[in-house]
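Trainee: Structure for this input, please:
(chains A and B)
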Amino acid sequence: MIAIVDYGVGNLFSLSCSLKAVGADVVVTGDREIIEKADKLILPGVGAFRDAADKLFNSGLADVVLAEVKKGKPLMGICLGMQMLFEKSYEYGEYDGLGLLKGNVVGMDGRIPEELSIPHIGWNALKLKKNSPLFKYINEGDCVYFVHSYFACDCDDSVTATAEYGAEITACVEKNNVFGCQFHPEKSGDVGLKILKAFCELGE
Amino acid sequence: MITKRIIPCLDVKNGRVVKGVNFEGLNDVSSPVSLAEYYSSNGADELVFYDITASFEERKLFTDILTEVASKIFIPLTVGGGINTLDDFEKVLGCGADKVSVNSGAIKNPALIEQAAKRYGDQCVVLSADIKRVDGVFRVFAKGGRENTGMEAIEWIKRCVGMGAGEVVVNSIDTDGVKKGFDLEMLKAVCDAVKVPVIASGGAGCIDDFTTLFNEVPTVSAGLAASIFHFGEVAIKDLKAELNNKGITVRL
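Mentor: Next up, the predicted model:
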């Protein structure tokens, strides 16, 4: 069973439906016991880093997730959920993340050419940098759907894929049992479903 | 590299897709769920649903349809039409919409953009502006293009982006339904004024109109159209193949 960690941020309907579409047994939950029973965890997230981090830490779910990851349970962060895997975010201030991955989350403004729109919204091609079990069913150049204005940097040791947007934008990260996608696999059509399917199959 | 997006727009009334020419004379086209599935598997990069119903019962029908679409289709969904309050945002986001488009609701209450952006994030708030030239000036129109608000369009768009709109749909009333091409002059003016992605709407009649759009206004992010897709005049796959041939980056 896969638990989508519900800590009160964003709408998890599509994510839940997309996992069901690849045959996963999925539950959306903020219940500690269910999260502990799950085989894999997904940490979603939309909106501002500070609000989301506050909710995750204040609900006590951050500790639950950290404890489960420590036991070796696979965790996938999506979008803001991926950004929260890192040490710090500099979105409207300086805020602590879960610290599961080395690196920081910074704004695109000033780091990409002036003429490019911010947020980075749309379908962009993946450049695969390292092998990852998540890439089992996809290919170099496959497009996925991004929506974000901040991105992870100083994270060379965990980057497995990037996308070109005036700079190399961190797209996928992985370290041991911790995975992350900056884009939305649940909104990335067949390619996204293939990534979710590969995550669901980890350890099988 | 980021790809240029092709977005079919589905106007939904009484549970069916309709499309008006110059906002009048609506024709029933097809079922929203089957049309959405068709588009999703044939190259559409995202879908826009406009709820053009008025009554409470019809709105319920719309949100039921939206839920069904969102449970089957895994590309971004934008919903617009009758969005006046944060409750309206909540309702459609709960049914699986990713972005919410505001038009008249923002004109009546501009603070709606700021409140929604704060609660759901900028990426969730799409400003849709119906714009028409009046004595040579771009003016914002409300109520489906029927009422001149008197506001200058570029200033309005800049103000909304400043309040947190994360994307702007520019719908030219002057070119809408005419099928002679997008309103390049209007789109250039908007793209030069804001940093967020701009989506062109109104006027697409053939594949060449999209090629011209992306060549002439390279900063525009997406092209949106309805009837030419619904009536099969342009197949999105053919359109994208042609754009790709012309060196315009698209998702194939």
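Trainee: Run through the residues of chain A sitting next to chain B.
Mentor: Residues of chain A found near chain B, taking Cβ under 8 Å from any Cβ of the partner chain as the criterion, are A:10-11, A:13-14, A:17-18, A:21, A:46-48, A:115-125, A:143, A:145-149, A:164-165, A:184, A:186-189, A:192-193. Backbone N, C-alpha and C define where each C-beta goes, glycine included.
Trainee: Only the buried subset of those residues, as a PyMOL command please.
Mentor: Selection of buried members from the residues of chain A next to chain B for PyMOL, criterion 16 or more other Cβ atoms under 10 Å in any protein chain shown:
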select buried, chain A and resi 10+11+13+14+17+18+21+46+47+48+117+118+119+120+121+122+123+124+125+143+145+146+147+148+149+165+184+186+187+188+189+192+193
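Trainee: could you pull out the helices for chain A?
Mentor: Counting by DSSP state H, chain A has helices at residues A:13-21, A:32-37, A:49-58, A:61-70, A:80-83, A:189-200.
Trainee: Let me have those helices in TSV, extended by mean pLDDT.
Mentor: Shown next, in TSV, are the helices of chain A (pLDDT from 0 to 100):
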stretch	mean pLDDT
helix A:13-21	95
helix A:32-37	97
helix A:49-58	92
helix A:61-70	97
helix A:80-83	96
helix A:189-200	97
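Trainee: Single out the most deeply packed of the ones you listed.
Mentor: Comparing those by mean neighbour count (mean count of other Cβ atoms under 10 Å in any protein chain shown), helix A:80-83 comes out on top with a mean of 28.
Trainee: CA atoms only for that helix - export them in CSV, please.
Mentor: What follows is helix A:80-83, C-alpha atoms only, in CSV (Å, rounded to 0.1, in the frame of the first residue of the first chain):
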residue,chain,number,x,y,z
LEU,A,80,7.0,21.3,-3.3
GLY,A,81,7.1,17.9,-1.6
MET,A,82,10.4,17.3,-3.4
GLN,A,83,11.8,20.7,-2.4
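Trainee: Quick one: list the elements packing against it.
Mentor: Here helix A:80-83 touches strand A:40-43, helix A:49-58, strand A:150-153, strand A:178-181, going by 3 or more Cβ pairs under 8 Å, 6 or more residues apart in numbering or on different chains; DSSP states H and E.
Trainee: With distance to B:Asp45 added, can I get the ones you listed in TSV?
Mentor: Shown next, in TSV, are these (distance: least, Cβ to Cβ, whole Å):
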stretch	distance to B:Asp45
strand A:40-43	24
helix A:49-58	27
strand A:150-153	21
strand A:178-181	18
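Trainee: To B:Val79, which of these lies closest?
Mentor: helix A:49-58 (22.8 Å; Cβ to Cβ).
Trainee: spatially speaking, which residue is in the middle of chain B?
Mentor: What sits nearest the mean C-alpha location of chain B, by Cα atoms, centre = their mean, is B:Val169, with 5.3 Å.
Trainee: Beyond the host helix or strand of that one, next helix or strand please.
Mentor: Under the criterion of DSSP states H and E, B:Val169 resides in strand B:167-172. Downstream of strand B:167-172, the first helix or strand assigned by DSSP H and E is helix B:184-193.
Trainee: Quick one: distance of that next one to the chain centre.
Mentor: With Cα atoms, centre = their mean, to the nearest Å as the basis, helix B:184-193 stands 16 Å off its chain's centre.
Trainee: quick one: contacts of the next helix-or-strand element following it?
Mentor: Sequence-wise, the next helix or strand downstream of helix B:184-193 (DSSP H and E) is strand B:198-201. The contact list for strand B:198-201 (Cβ atoms under 8 Å, 6 or more residues apart in numbering or on different chains) reads A:117, B:5, B:7, B:9, B:167-172, B:176, B:182-183, B:187, B:190-191, B:213, B:217, B:219-225.
Trainee: Pull up the pairing partners for strand B:198-201, direction included.
Mentor: Strand B:198-201 pairs in its sheet with strand B:167-172 (parallel), strand B:222-225 (parallel), by DSSP bridges.
Trainee: now the ones you listed as TSV including distance to A:Arg111?
Mentor: Listed next are the strands paired with strand B:198-201 as TSV, based on distance: least, Cβ to Cβ, whole Å:
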stretch	distance to A:Arg111
strand B:167-172	21
strand B:222-225	23
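Trainee: In JSON lines: these, plus mean pLDDT.
Mentor: Below are the strands paired with strand B:198-201 laid out as JSON lines (pLDDT from 0 to 100):
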{"stretch": "strand B:167-172", "mean pLDDT": "97"}
{"stretch": "strand B:222-225", "mean pLDDT": "97"}
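Trainee: quick one, what contacts B:Ile139?
Mentor: Actually, residue B:139 is Arg. It isn't Ile. Counting by Cβ under 8 Å, 6+ apart, B:Arg139 touches B:Ile131, B:Lys132, B:Arg133, B:Asn148, B:Thr149, B:Gly150, B:Met151, B:Glu152, B:Ala153.
Trainee: Let's see if you can find the most crowded of those.
Mentor: Neighbours here mean other Cβ atoms under 10 Å in any protein chain shown. Within those, the largest count is held by B:Ile131, at 29 neighbours.
Trainee: What average pLDDT does the helix or strand hosting that residue get?
Mentor: Following DSSP H and E, one finds B:Ile131 within strand B:125-134. For strand B:125-134, mean pLDDT is 97.
Trainee: Equivalent analysis for stretch B:177-195, please.
Mentor: The model assigns stretch B:177-195 a mean pLDDT of 96.
Trainee: circling back to that earlier point, now the buried members of the contacts of strand B:198-201.
Mentor: For the contacts of strand B:198-201, a neighbour count by 16+ other Cβ under 10 Å gives the buried set as A:117, B:5, B:7, B:9, B:167-172, B:176, B:182-183, B:187, B:190-191, B:213, B:217, B:219-225.
Trainee: in the stretch 101-250 of chain B, what residue is nearest chain A?
Mentor: B:Gly121 (4.1 Å; Cβ to the nearest Cβ).
Trainee: So that residue is in contact with A:Val46, correct?
Mentor: Yes: using Cβ atoms under 8 Å, B:Gly121 is in contact with A:Val46, at 5.5 Å.
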